[in-house]
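**Q** sequence unknown, structure follows:
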Ligand SMILES: NC(=O)C1=CN([C@@H]2O[C@H](COP(=O)(O)OP(=O)(O)OC[C@H]3O[C@@H](n4cnc5c(N)ncnc54)[C@H](O)[C@@H]3O)[C@@H](O)[C@H]2O)[C@@H](O)CC1
Ligand SMILES: Nc1ncnc2c1ncn2[C@@H]1O[C@H](COP(=O)(O)OP(=O)(O)O)[C@@H](O)[C@H]1O
Ligand SMILES: [K+]
């Protein structure tokens, strides 16, 4: 799913109005209905609702939402914020203003002195500004937004929190801090930047039928990965396939006290479809691996505690290195040798990333399209510091372009950047996955998918999605608090089957 900028969203509205064709006021009605449809699934009629409206089209949505909710027996009141009494609202705002039934209490605020310290209501629907915000909020609007934020009510923003820009980090000036945002058609970049979290809350995108042709034609460097994107990527296992068809994977890692990391990667790799897995560990890991993962073959290093040398690395479709590796001099030597010899894209994680960050010569040895999976601290070691999340995103894109690698920057909404400068934000995963070893599981999944024959770009996007989905399915059953990395592996089969089920049905028809 593409992420469009505010000007592109405006053009999509205009294109849809002209080419569907649909009257602008009817598109607003459709958007308001979509909002109400989702809102009424969450909140019952017992709640007192105050709808705070600006006088643009976001405010027009607010008025239509008021009318629709009132017709469904919700107790609704409307507040219109209009600093200049004489200034008319947008055309569609004015139409909806005239359509507002008399039974809905309507207050207009023109002056700071009329703003209560806080609003006494159960729910506030915030429809002051949407994607048309053009400058930071001040004056009367700022007073109203502060009062909204001070109220005890649940706040739900229409399209985007008033005061938040669609395409960047939070500006100066007050911004609504909603519990939830119900947004139209496509996610906004602002929803995916961690520092905007207080101004987004939970968010849900509802379809308002904007032209899919127009959206398909738009250029966008940012994408939000949805389940339908993933379904298109998934491959079937063909009838006459054999284990060789699905590739030989090699995982390298583990050290004394950190063998568990490479055990997790190995199990996850096999659960992601690799035909054959060889794991290379220091001698101290031999019995652990053979016991914990009987399906994998194990080769041992000359060193008891650390990786110090390479196994034969020919004939592998995919190599993953890093989990539990440590940053010993001898492991650095082995990594340098590996990077000099390998030609295919690899997966580089954890201490292998740290070693690359500490040794300038290594980055240029990486085969094109190699996948690096840093968490933010590891990425900072690689690429240097940033001032804010938008700068971090730019840094990520630039790093990928400059070094021709994929960066999987981990966290909520993990972002995958490609050498072409595109970024794919993940839509699965939960805070239960912030637990030791879940990154090691991801490395195993990515190595498995590469060996299985997916391109590096597809392996990265699909692997991150499946890892998050397995985490979500695990959390559904076990809760987030107790989730551990092994649970993610245990739920990987459910993740794959839940996404692929529909595809098989289509094939059978
Ligand atoms: N036909 C359409 O264009 C549709 C628009 N929709 C709604 O319309 C919204 C966008 O509406 P608009 O483009 O009218 O813009 P907004 O309603 O977001 O803002 C209204 C106007 O306020 C002014 N403004 C911006 N920043 C300001 C500030 N800091 N202080 C004071 N005034 C400021 C601008 O002139 C802006 O046009 C969307 O977010 C969505 O809610 C939906 O109804 C879907 C259809
Ligand atoms: N709040 C969160 N929401 C979603 N996913 C998360 C969250 N926190 C962590 N994760 C995921 O868990 C994994 C953690 O990886 P990492 O930090 O490398 O852990 P470790 O080094 O312990 O294995 C990443 O894939 C990350 O995206
Ligand atoms: K809003």
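**A** Everything's here; your move. Here the structure is a predicted model, which means the values were calculated and not measured. Ligands and ions are numbered 1, 2, ... in the order given.
**Q** just the helices in the stretch 51-200 of the chain please.
**A** Assigned helices in the stretch 51-200 of the chain, in chain order: 57-71, 91-99, 139-150 (criterion: DSSP state H, counting those that start in this stretch).
**Q** List the contacts of the longest one.
**A** Contact with helix 57-71 is made by 28-29, 31-33, 35-36, 39-40, 49, 51-54, 76, 78, 80-81, 89-90, 92-93, 95-97, 99-101, 103-104, 125, 127-132, 158-159, 162, as judged by CB atoms under 8 Å, 6 or more residues apart in numbering. In short, each C-beta sits where N, CA and C put it, glycine included.
**Q** can we see that at 7 Å?
**A** The list of residues contacting helix 57-71 from outside it, by CB atoms under 7 Å, 6 or more residues apart in numbering, reads 28-29, 31-33, 35-36, 49, 51, 53, 76, 78, 89-90, 92-93, 96-97, 99-101, 103-104, 125, 127-130, 132, 158-159.
**Q** Run through the stretch 401-509 of the chain and note the low-pLDDT ranges.
**A** When residues are selected by pLDDT under 70, those of the stretch 401-509 of the chain lie in 501-509.
**Q** Wait, residue 73 touches residue 44, no?
**A** No - with contact taken as CB atoms under 7 Å, residue 73 and residue 44 are classed as non-touching, separated by 10.1 Å.
**Q** which bits of the protein sit near ligand 2?
**A** With CB under 6 Å from any ligand atom as the criterion, the chain comes near ligand 2 at residues 375, 410-412, 414, 429-431, 433-434, 436-440, 442, 467.
**Q** make it 8 Å
**A** 261, 264, 323, 349-350, 373, 375, 378, 408, 410-414, 426, 429-442, 464, 467-468, 471, 485 (CB under 8 Å from any ligand atom).
**Q** What's the PyMOL line that selects buried ones from those residues?
**A** Once 16 or more other CB atoms under 10 Å is used to decide burial, the buried members of the residues of the chain next to ligand 2 can be selected in PyMOL as follows:
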select buried, resi 261+264+323+349+350+373+375+378+408+410+413+414+426+429+432+433+435+437+438+439+440+441+442+464+467+468+471+485
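**Q** how is this protein carved up into domains?
**A** According to automatic domain parsing, the chain comprises the domains 6-220, 240-368+422-508.
**Q** Pull the contacting residues for residue 9.
**A** Going by CB under 7 Å, 6+ apart, residue 9 touches residue 131.
**Q** Pretty sure it sits in a helix.
**A** Yes - Residue 9 forms part of a helix when assessed by DSSP: H, G, I helix; E, B strand; the rest coil.
**Q** what separates it from residue 31, distance-wise?
**A** In this structure, residue 9 lies at 12 Å from residue 31, with CB to CB, to the nearest Å as the measure.
**Q** What strand or helix carries the most centrally placed residue in the chain?
**A** With distances taken as CA atoms, centre = their mean, the chain has residue 413 as the residue nearest its mean C-alpha position (2.6 Å). For residue 413, there is no helix or strand it lies in under DSSP states H and E.
**Q** picking that back up, could you flag which of the contacts of helix 57-71 are buried?
**A** Among the contacts of helix 57-71, those classed as buried by 16+ other CB under 10 Å are 28-29, 31-32, 35-36, 49, 51, 53, 76, 78, 89-90, 92-93, 96-97, 100, 104, 125, 127-130, 132, 158-159.
**Q** wait, what's in contact with the residue in the stretch 301-450 of the chain positioned nearest to ligand 1?
**A** Using CB to the nearest ligand atom, the point where the stretch 301-450 of the chain gets nearest to ligand 1 is residue 390, with a distance of 19.5 Å. Taking CB under 7 Å, 6+ apart, we find residue 390 in contact with 168-169, 193.
**Q** Give the buried residues for stretch 9-23.
**A** Taking 16+ other CB under 10 Å as the neighbour-count basis, stretch 9-23 is seen to contain the buried residues 9, 11-13, 15-17, 22.
**Q** thinking again about what came up before, so which of the residues of the chain next to ligand 2 are in helices?
**A** Assignment to helices by DSSP state H places the following of these there: 261, 264, 350, 378, 438-442, 464, 467-468, 471, 485.
**Q** Out of the residues you listed, flag the one nearest to residue 225.
**A** Comparing these against residue 225 with CB to CB places residue 464 closest, at 7.7 Å.
**Q** Can you tell me what sits against the helix or strand harbouring residue 475?
**A** Taking DSSP H and E as the definition, one finds residue 475 inside helix 456-478. The contact list for helix 456-478, computed with CB under 7 Å, 6+ apart, reads 225, 230, 233, 345, 369, 371, 406, 408, 414, 416, 418, 424, 426, 428-430, 432-433, 441-442, 445-446, 449-450, 454, 483, 487-488, 490-492, 494-496.
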